[in-house]
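Chemist: Let me see the structure of the following:
(chains A and B)
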Amino acid sequence: MINYIIQRILAAIPVMGFVALFVFLMLRLTPGDPAAIIAGDTATPEQLERIRDALGLNDPLHVQFITWIGNLLQGDFGTSVISGKPVIELIEARMEPTISLALTTITLSVLIAVPLGVIAAWKHGTLIDRFVMLLSVLGFSIPVFVIGYLMISFFAMQLGWFPVQGFRPIGDGLGEFLHRIALPTFTLTLLYIALIARITRTSMLEILGDDYIRTARAKGLPEARVLTRHALRNCSVPIITVIGIGFALIISGVVVTESVFNLPGLGRLTVDAVLARDYPVIQAVILLASLIYVVVNLLIDIAYVLLDPRIRYS
Amino acid sequence: MSDLLLNIENLRIALDGDPDKQVVKGLNLSIRPGQTTCLVGESGSGKSLTALATMGLLPKVLQPIDGSIKIKGEELLTASQGRLRTLRATAMSMIFQEPMTALNPVARVGQQIEEVLEFHSDMSQGQRKKRALEMMEAVHLPDVEKMYRSFPHQLSGGQRQRIMIAMALIMRPQLLIADEPTTALDVTTQAQILSLIRELREDQGTAVLFITHDMGVVSEIADDVTVLKLGEVMETQPVEQLLRHPKTDYTRDLLRAVPSHVPRPPSPAASDEVVLETRNLNKVYGGAGLIRKGREVRAAQDVSLTLTHGRTLGIVGESGSGKSTVARCIMRLIDPTSGQIMVGDEDIAQMKQKELKERRKKFQIVFQDPMRSLNPRREIGESIIEGPLNFGVPHKQAMERARELLELVGLPGSAVDRFPHQFSGGQRQRIAIARALAMDPDILVADEAVSALDVSVQAQVLELLAELQKKFGLGILFITHDLGVAAQICDEVMVMQKGQVVEYGPAGEVLGNPQQDYTKALIAAAPGRHWDFANFRPFSEAPGAQAAHSS
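Modeler: As a prediction, this is how the structure comes out:
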């Protein structure tokens, strides 16, 4: 197991290398000169040249790449072209809202969606099942911003239960934190409930027809035990996969939700950076997103081994 | 009638509760304590449904609409779910056909046994574990402490069935329902499980409702036998009485269809033309590996065989013997590691797939499960002509031939536009045979081609194969685990074990007078080998048996 994890981490290095190369080339090959953006409209050609030199843009591509990678490895992600702050600081400042939103959303979704999916499969074909399916169709098809504005209009403006927007770090008190993050969480949760409930229902339906479920019933076990210990455990692999990927998706940026609720998260950092052609920030954010995917996938694979003894990696 | 343990009266089970769609039609059955009753029937006879109804485990679409099932006088059909749960495991329990799938793959087997105690006793955790280990020893599992922590996939089929039995009997129920518990097992394992069930019945006084389609098994284990056909009881008799004096034609036909273990005389060699020959065929799995050499599995070792025009060579063996590996190598569905496969005068062992394509016409295969080997979304005519179309035969002409072939295998030619699910298992296997014949092969490989079929259907398909062989001079390579079937169809027999050829020769010699211990053990394990079912008597009473013994 330890060997497997080490192997997987080693295998992630070339993946990250390719991503880095891809990000680097993509940004160099798109039209637009960062130096011109920094220098502004009134810059003289000499000034531009000086800035290019300072940024290393006059070096050959491979030298630029190696310098960039070397800096990355030392934890230097460069400096924002726009704000002049180190990129790493910008990202750090935006991490907390995004990670908070991801954790609350995934936790709430799992707590609601897994039981819903299990019950829908168990009561297959009944009203409960149809209700869950309807809910998941709605969750998939209503755009997030519509849900977001509806939530704000109803819960924040009419009822006044929640603030309209903004974020408070958890350090300011759990109550205040939850109060602020509740509406964005509810907004995103609907989509994730749809996703997870559907996967749970489908896998449960398949598993409930398996022979060992009949065996469990023949043993005289209560239905709750049959459903959880015997059926749900056997569906855990697809469910964990969806949860993991869902989590990674939120972390790498839920632009719309962050914008609607004015959360200072990574998604908005990315959009702002793209609009301003803030190359160092864009590069760092893309790298971070791919790193998150690699790590989440690794965690998912480790979870497989723990959940299903038949899966063994060497 | 208080001495009856299980009493089923006038049980009727219907699809969607509709009295016009009855699948079990007024079944009566009773079992006294400690008695073994066999419920015999072919697929669709309702034998499993009767068992599931007793356990209260019928699928929702099937409901009992009439009758009564009483255990120790207590009515089960009207019992609450809670009461049924209590009775399961304590008064009655059940084991199933597929030990491979009947256990939860992600839970340790020890815990799965213990779970029964958790809900049906107030033992402490320590006591439960102790009891589970005792029970595992009682079913003769080795190294129980280690096995307790194992997962199902780490155990063999026989071991898993022992776990199932331990689980079923741990609360000492008075009734064990066994639904084809040995059908999926090898003969030697089957013999062990049958003797285990007999032993536990003696020790614990458990009555057994044993469901099977196999008359051989019946002759080994039953006290009483009830024969079912399409949901109706044909007859109920003590076993010896039933085997000697069946009352109904149906039972007589069923007994006659049991393949005898006495080899048939070899068919006269039409010619000496060798259609298929393998020389030192080897298939090794694993062994590769980038860093470390993996474990090698020698699935087939130095297999040399010869198949002549119009003859049948049987390869018999248990699971893991390598018999299917040989078949797949010959078909080049997998690539042999070394050795030669001569089809006619060409070696196809290492031939590239492109070159092979032309030659594939010559050898065709029929698989075990006709439900899964025919594309369910395709009309059977399209499936049959797919091969000829690939070789450039015009669609119309190929379809014409498909109709002829269907009639040849005993189906109406007009059936070409039907789908596989519209046929029975036996009919589907006929279609699969027609598909193979569409290529006009010299060699037909039949990989357990009759194993999934009911005995009466099995007998018909074997007959069909023999007929087609005569007509087309096919060389048939017949892979089977069933010695009775092998005795009925093979001219030569090769016995394989763990990838090696144990014995190879004329069927009469190998099956009638085996030289190797393994072959002898296989034959000894075959259930019902003492009975001459077709003649309603034990072999020992056959005319000339005394003489044969004294000589």
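Chemist: rest of the way, CA atoms for contacts and neighbours
Modeler: OK.
Chemist: Next, the residues that contact stretch A:54-68 from outside, please.
Modeler: Here stretch A:54-68 makes contact (CA atoms under 8 Å, 6 or more residues apart in numbering or on different chains) with A:21, A:24, A:35, A:52.
Chemist: So the third one lies in a helix, does it not?
Modeler: It stands for residue A:35. Yes - under DSSP: H, G, I helix; E, B strand; the rest coil, residue A:35 sits within a helix.
Chemist: just checking, residue B:426 is part of a helix?
Modeler: Yes - with three-state DSSP as the criterion, residue B:426 is assigned to a helix.
Chemist: Wait, it touches residue B:457, no?
Modeler: Yes - counting by CA atoms under 8 Å, residue B:457 is a contact partner of residue B:426 at 5.8 Å.
Chemist: could you pull out the helices for the stretch 201-314 of chain A?
Modeler: Counting by DSSP state H, counting those that start in this stretch, the stretch 201-314 of chain A has helices at residues A:211-218, A:223-225, A:233-251, A:255-260, A:266-275, A:279-307.
Chemist: Can you say which of these is nearest to residue B:415?
Modeler: Closest approach to residue B:415 among the helices of the stretch 201-314 of chain A is made by helix A:211-218 (34.2 Å; CA to CA).
Chemist: so how far is that closest one off the chain centroid?
Modeler: When C-alpha coordinates are averaged (CA atoms, centre = their mean, to the nearest Å), helix A:211-218 and its chain have centres 38 Å apart.
Chemist: again with stretch A:222-235
Modeler: Mean C-alpha position of stretch A:222-235 versus that of the full chain (CA atoms, centre = their mean) differs by 29 Å.
Chemist: what's the answer for stretch A:266-273, then?
Modeler: Counting by CA atoms, centre = their mean, stretch A:266-273 comes out at 14 Å from the chain centroid.
Chemist: any idea of the mean pLDDT for that stretch?
Modeler: The average pLDDT for stretch A:266-273 rounds to 87.
Chemist: before we move on, back to that, which among the contacts of stretch A:54-68 end up buried?
Modeler: When the contacts of stretch A:54-68 are checked for burial by 16 or more other CA atoms under 10 Å in any protein chain shown, the buried set is A:24, A:35, A:52.
Chemist: pLDDT check: weakest of those residues?
Modeler: In terms of pLDDT, the lowest of the buried ones among the contacts of stretch A:54-68 is residue A:35, showing 72.
Chemist: now the buried ones among the contacts of stretch A:54-68 as a markdown table including distance to residue B:181?
Modeler: Listed next are these as a markdown table, based on distance: CA to CA, whole Å:
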| residue | distance to residue B:181 |
| --- | --- |
| A:24 | 63 |
| A:35 | 78 |
| A:52 | 80 |
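Chemist: which of those lies closest to chain B?
Modeler: For those, the closest approach to chain B (CA to the nearest CA) belongs to residue A:24, at 33.0 Å.
Chemist: re earlier: can you pick out the ones from the contacts of stretch A:54-68 that are in helices?
Modeler: Among the contacts of stretch A:54-68, the ones falling in helices (DSSP state H) are A:21, A:24, A:35, A:52.
Chemist: Turn the residues you listed into a markdown table, columns for distance to residue A:222.
Modeler: Formatted as a markdown table, the ones in helices among the contacts of stretch A:54-68 follow (distance: CA to CA, whole Å):
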| residue | distance to residue A:222 |
| --- | --- |
| A:21 | 56 |
| A:24 | 58 |
| A:35 | 70 |
| A:52 | 72 |
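Chemist: Which of those sits closest to residue A:9?
Modeler: Each of these was checked against residue A:9 using CA to CA; the closest is residue A:21, at 18.8 Å.
Chemist: contacts for stretch A:78-86?
Modeler: A:34, A:38, A:71, A:77, A:87-88, A:276, A:278-281.
Chemist: For residue B:475, give its distance to residue A:194.
Modeler: Applying CA to CA, to the nearest Å, the value for residue B:475 to residue A:194 is 58 Å.
Chemist: Tell me the residues of the stretch 201-314 of chain A that contact chain B?
Modeler: Residues of the stretch 201-314 of chain A found near chain B (CA under 8 Å from any CA of the partner chain) are A:210-215, A:217-222, A:230, A:233-234, A:307-310.
Chemist: Give the buried subset of the residues you listed as a PyMOL selection command.
Modeler: To isolate in PyMOL the members of these that are buried, counting by 16+ other CA under 10 Å, one can use:
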select buried, chain A and resi 210+211+212+213+214+215+217+218+219+220+221+230+233+234+307+308+309
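Chemist: So which of the helices of the stretch 201-314 of chain A is the most surrounded?
Modeler: helix A:211-218 (a mean of 22; mean count of other CA atoms under 10 Å in any protein chain shown).
Chemist: CA-only coordinates of it, as PDB, when you get a sec.
Modeler: Written as PDB, here are the backbone C-alpha positions of helix A:211-218 (Å, rounded to 0.1, in the frame of the first residue of the first chain):
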ATOM      1  CA  ASP A 211     -27.100 -12.600  -5.000                       C
ATOM      2  CA  TYR A 212     -25.400 -11.500  -1.800                       C
ATOM      3  CA  ILE A 213     -28.300  -9.200  -1.100                       C
ATOM      4  CA  ARG A 214     -30.600 -12.100  -1.300                       C
ATOM      5  CA  THR A 215     -28.200 -14.000   1.000                       C
ATOM      6  CA  ALA A 216     -28.300 -11.100   3.500                       C
ATOM      7  CA  ARG A 217     -32.000 -11.200   3.600                       C
ATOM      8  CA  ALA A 218     -32.100 -15.000   3.900                       C
END
